[in-house]
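Provided below are the primary sequence and the corresponding predicted coordinates.
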Amino acid sequence: MKDNILNIIIGTICLINISAIPKDINFYLNKTKLQKEKSKSIKIALIKNFKDLELQKINHLHIQFSEKDKKIIEEIIKKLKNKNAEIYYFVKKLLENTNINNLKNLILNLPYIKIKYNSENIYPNITGTYDGLTKEINIYKDQTKASLYHELLHASSSDAKFMCIGFKIVLKNGIIFGKGLNEGYTELLNNRFFGVNSKSYIYLQKLAQEIEKLCKSKEKMIENYFNADIFSLIGELMQKMSLEEIIDILVDMDNLVYEDNPNYIEYIKIKEKIQINKSKNKIKKLLVNTANYKKQKIYKT
């Protein structure tokens, strides 16, 4: 009797689960379809807007500090040691890993940065936030140094005048562009500079690293990041691929940020797009080098 009852219960559970599967699949498929349609319209809008810009000529102000300025900055940093040990350590490590000329936005934002530690987390999957307008950092959940340094990197690369934080920009039409690359690259630098060994945004970290390999150097991409200059980055990438290809990759990376569970298949698809362009660029270089070699051979003979 007990066995019969148990079998009825198991059978009922199985029927409930089986009947629920089609609904879950339909919900997922509809969500994916809507996301793809939205991405397509965003890509079209971005290409249209960006084509009106002369990307190679648009540069935020990349400055070179004078020796006098550098001494003033050094004095500001020394004072931080007593006033705010956490930010002092952050800035000290930052200077060990990047050029002082990349600290323009940090110096401008520094007097206004406020750090708040929260016992409750109103955002389930978020450990910290940075507000580019109020300059307020909120740390949630485990309150680790990794979260703090991530948000301080946002503060160091934030240019409120141009509505940019690192490689993320809010365009005039309200489109937020570059968030995926920005979060991935921020956490990549967080690991490199501070040795935090964070797995946050892991797929975006890997994709950001692949994009970095397409740049002239790591230092150049770091410079563009701290100067909140996605335009110069795109201008550089356009030497390796078309504007359409760049926007396609970056918008797909943006979509990974907003997924509850980052999709490994989508990550592989984006990685393949980057790898294809890397391969195309290698072939192009090979053809140019071969052509130059043949010319030299002709001239020599």
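Arrived safely.

dump the residue contacts of Ile137.
113-116, 128-131, 148, 151-152, 155 (CB atoms under 8 Å, 6 or more residues apart in numbering). Just so you know, the C-beta spots here come from the backbone N, C-alpha and C atoms, and that holds for glycine as well.

Please indicate which of these are buried?
Buried members of the contacts of Ile137, counted by 16 or more other CB atoms under 10 Å: 113, 115, 128-131, 148, 151-152, 155.

ok, of the residues you listed, which one's closest to Ile249?
Using CB to CB, Tyr130 is the member of the buried ones among the contacts of Ile137 that lies nearest Ile249, at 24.8 Å.

partners of the closest one in the sheet?
Tyr130 forms beta bridges with Ile137, as assigned by DSSP bridges.

quick one: the helices in the stretch 51-200 of the chain?
67-83, 85-97, 104-109, 145-156, 179-194 (DSSP state H, counting those that start in this stretch).

The longest one vs helix 85-97, what angle?
Relative orientation of helix 67-83 and helix 85-97, computed by axes from the mean of the first three to the mean of the last three CA atoms, to 10 degrees: 140 degrees.

got any ranges where the protein has weak pLDDT?
Counting by pLDDT under 70, the chain has low-confidence residues at 1-35, 51-60, 142-143, 260-262, 278-301.

which ones are touching the residue nearest to the spatial centre of it?
Nearest to the geometric centre of the chain sits Asn182, at 1.9 Å (CA atoms, centre = their mean). Contact analysis of Asn182 by CB under 8 Å, 6+ apart lists 165-168.

cool, and Glu120?
Residues in contact with Glu120 (CB under 8 Å, 6+ apart) are Tyr140.

Quick check on it: phi, psi?
Main-chain torsions, Glu120, degrees, to the nearest 10: phi -110, psi 150.

Pull out the buried residues from stretch 207-220.
So, applying 16+ other CB under 10 Å, buried residues of stretch 207-220: 207-208, 210-212, 214-215.

neighbouring contacts of that stretch?
For stretch 207-220, using CB under 8 Å, 6+ apart, the contacting residues are 99, 180-181, 184-185, 188, 221, 233, 236-237, 240-241, 249, 253, 267, 270-271, 274-275, 277-278, 281.

Pull out the buried residues from those.
By 16+ other CB under 10 Å, the contacts of stretch 207-220 give 180-181, 184-185, 188, 221, 233, 236-237, 240-241, 249, 253, 267, 270, 274, 277-278 as buried.
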